[in-house]
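1. A predicted structure for the sequence below; I have some questions about it.
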Amino acid sequence: MVEQFLAEITATADNKVAPIQYRVLYDSQCEICQACVAWLKTLDHQNKTAALAISPEGVSTVDSRLKLDECLWQLHVLTPEGEILVGWDAVASLARLFPSTWIIGMLGQWFPFRNIGRLLYGFVATNRYTLSKCRGGACRVAKPEVVRRQARLGAFWSCYTLGFFIRLPLLLWAGIRAAMQRLSIFSRTYHQRLDLLNGKLTILFLNGFFPNAVPLLFGELFTTVLYDGLAIDPGSPKMRRSLQTHLRRLQPRITKVVATHAHEEHVGNLNWLSELTGAPVYVSEMTARFLTPFKRLPWVRATIIGQPPDLKEPYRLVGETVDADATQLKVIATPGHCDDHIVLYDPEEKLLLAGDAFMGSYFATPNPDVDSRKWLFSLERLMELDIEILVEGHGHIHTMRTDIPDFAGVVIREDPKIAISQKLEFLRWLKEQIDTGFQEELPIRVIEASCFPWGRRTSWETCATDECVRVLSLGHFSRTELVRSFVRGGSDALPTVFEIRLSGRQ
Ligand SMILES: [Zn+2]
């Protein structure tokens, strides 16, 4: 906490664009304060301000005149001239910095607005002190024993709801922007393919009338990856015609058909493609078990993606490696997204065919068979590899390599290892939140909310999308499943352990 705090100050000091800033000390445990900081960051395009979260050790390092209790009670702003502004006067001074709020700030320093402002601010600050000492912020708090004594769940929900409504316009706008982005990526990839690395790697984007709902509503594209003679994850029966068209146009040489895991959008055409090309099917032993017979899907998933047929003999089991045309790929077990997941790694090309073993650094609406604890271990294993190109099963490629050309929304210019480490960090933080929540015997809804505090940008930016996913998948994919995914025991693939725990608690 202290390091982070000092790092924020150092970062501020190092900022060459705006060396002199208004330093805003805020309570990172308070939903109201966090919501206001989100607005501040949105308004402040020119980096005129630096928001610093209050920590017991950090306050006096900013300025020796600052006192922790006073900072926790009301807003403190340190002006570039070294003046300390407090409460309403601090709010008004910040408002004067931005064109859209300037008028509030100007009026706010004169009678009678100044008096009204101070009165209102005083009311919120007085009540906030008991309200805001909630668990909505993060796992570490400035005064943990006070929190435990004072925080009632009613107070938690008041803060959380208030934080939600303060951010609602930002949240809705983020939802609309994300929907527009999805539409743009969908139209640019519709029945398209991407030939990369001189034809060694080809991404076939798969479409289908019902399956199209997924990229449009959730943003996951459907793909089959062709790599050096391997056809990986050939889609579901409802995408078969799309795959057929691609194969007719491209006429690729396919020597093996491989599945990374037994999810319906990856395995529905295994036998079909094998019969068409004469290439044998390769799956892991567990995937083969999950596919014979394939369990009945919930009707939403069966309607949209399509119920895959059972895997038919003959098929082969993958060993530690799979031979492609020119290279030998390592097979690495990566349970987490589901128990049977494997990834393929080409050490020569430093390329990882990740299937669904990554799914973005921030992914908050998993399927019910995700086990996030196992996923943490799998990601730690992947961190040991030298990866320059990470190819996901749902249409994203993470790489800095210049021989992979730009393709907005598909090729993401970031170091794959950094992307994986960010996901690891997010999952570790979630684990801590959830473990703490269970130790304190909080209800599941409260634990879920504490995993998505409004102070985290991703929480509100993806809120509209995440909640759409929850409603449209009838609860199959949701933020609740993310919490659930941390409390699954042993090799149990179903969330029964969690449900027993939950009913026991309540
Ligand atoms: Zn999957």
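-> Okay, I see it.
2. going forward, measure contacts between C-alpha atoms and count neighbours the same way
-> Noted.
3. quick one, longest helix in the protein?
-> Longest helix in the chain by number of residues (criterion: DSSP state H): helix 153-189.
4. helices or strands up against it?
-> helix 31-43, helix 113-131, helix 213-217, helix 457-461, helix 463-472 (3 or more C-alpha pairs under 8 Å, 6 or more residues apart in numbering; DSSP states H and E).
5. change it to 6 Å
-> Judged by 3 or more C-alpha pairs under 6 Å, 6 or more residues apart in numbering; DSSP states H and E, the packing partners of helix 153-189 are helix 31-43, helix 457-461.
6. which of those helices is buried the deepest?
-> Highest mean neighbour count among the helices and strands packed on helix 153-189 (mean count of other C-alpha atoms under 10 Å): helix 31-43, with a mean of 20.
7. Give the rounded mean pLDDT of it.
-> Averaging pLDDT along helix 31-43 yields 79.
8. how about the nearest residue to residue 326, chain neighbours excluded?
-> Distances taken as C-alpha to C-alpha, 6 or more residues apart in numbering place residue 228 nearest to residue 326, at 6.8 Å, with adjacent residues excluded.
9. same thing with residue 319?
-> Nearest non-adjacent residue to residue 319, counting by C-alpha to C-alpha, 6+ apart: residue 331, 7.1 Å away.
10. ok now do that neighbour, which residues does it touch?
-> Going by C-alpha atoms under 6 Å, 6 or more residues apart in numbering, residue 331 touches 320-321, 343-344.
11. re earlier: next secondary structure element downstream of the longest helix of the chain?
-> Using DSSP states H and E, the helix or strand that follows helix 153-189 in sequence is strand 193-196.
12. Parallel or antiparallel, which strands does that following strand pair with?
-> The pairing partners recorded for strand 193-196 under DSSP bridges are strand 201-206 (antiparallel).
13. what's the angle between the strand it pairs with and helix 153-189?
-> Angle of strand 201-206 versus helix 153-189, following axes from the mean of the first three to the mean of the last three C-alpha atoms, to 10 degrees, is 110 degrees.
14. for the record, mean pLDDT for strand 201-206?
-> 97.
15. Check which helix or strand the nearest residue to residue 277 once chain neighbours are set aside maps to.
-> Once flanking residues are discounted, residue 277 sits nearest to residue 254: 6.7 Å by C-alpha to C-alpha, 6+ apart. Using DSSP H and E, residue 254 sits within no helix or strand.
16. quick one on the thing from earlier: so who does the residue nearest to residue 326 touch?
-> Applying C-alpha under 6 Å, 6+ apart to residue 228 gives the contacts 200, 324-325.
17. Write the ChimeraX selection for whichever of those residues are buried.
-> Buried residues within these, by 16 or more other C-alpha atoms under 10 Å, are selected in ChimeraX with:
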select :324
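18. and stretch 266-286, how far apart are its ends?
-> 15 Å (C-alpha to C-alpha, to the nearest Å).
19. With stretch 187-195 instead?
-> End-to-end span of stretch 187-195 (C-alpha to C-alpha): 18 Å.
20. Can you mark which positions in that stretch are buried?
-> Per 16+ other C-alpha under 10 Å, stretch 187-195 contains these buried residues: 189-193.
21. just stretch 347-361 next, same as before
-> Across stretch 347-361, burial judged by 16+ other C-alpha under 10 Å covers 347, 351-361.
22. now the chain, which segments are flagged as low pLDDT?
-> By pLDDT under 70, the low-scoring segments of the chain are 1-19, 29, 31, 127-155, 488-506.
23. in which helix or strand would I find the spatially most central residue of it?
-> By C-alpha atoms, centre = their mean, the chain has its centre lying nearest to residue 362, at 1.7 Å. Following DSSP H and E, one finds residue 362 outside all helices and strands.
24. All further residue positions should be reported with the first residue as 27.
-> Fine by me, first position is 27 from now on; the one you just mentioned is residue 388.
25. For it, which non-adjacent residue is closest in space?
-> In this structure, residue 388 finds its nearest non-sequential neighbour in residue 449, 6.2 Å apart by C-alpha to C-alpha, 6+ apart.
26. bridging residues for residue 371?
-> Residue 371 has these beta-bridge partners by DSSP bridges: residue 356, residue 378.
27. isn't it right next to residue 359, touching?
-> No: using C-alpha atoms under 6 Å, residue 371 makes no contact with residue 359, being 11.0 Å away.
28. about what we covered before: could you measure from the residue nearest to residue 352 over to residue 60?
-> Separation of residue 254 from residue 60 (C-alpha to C-alpha): 50 Å.
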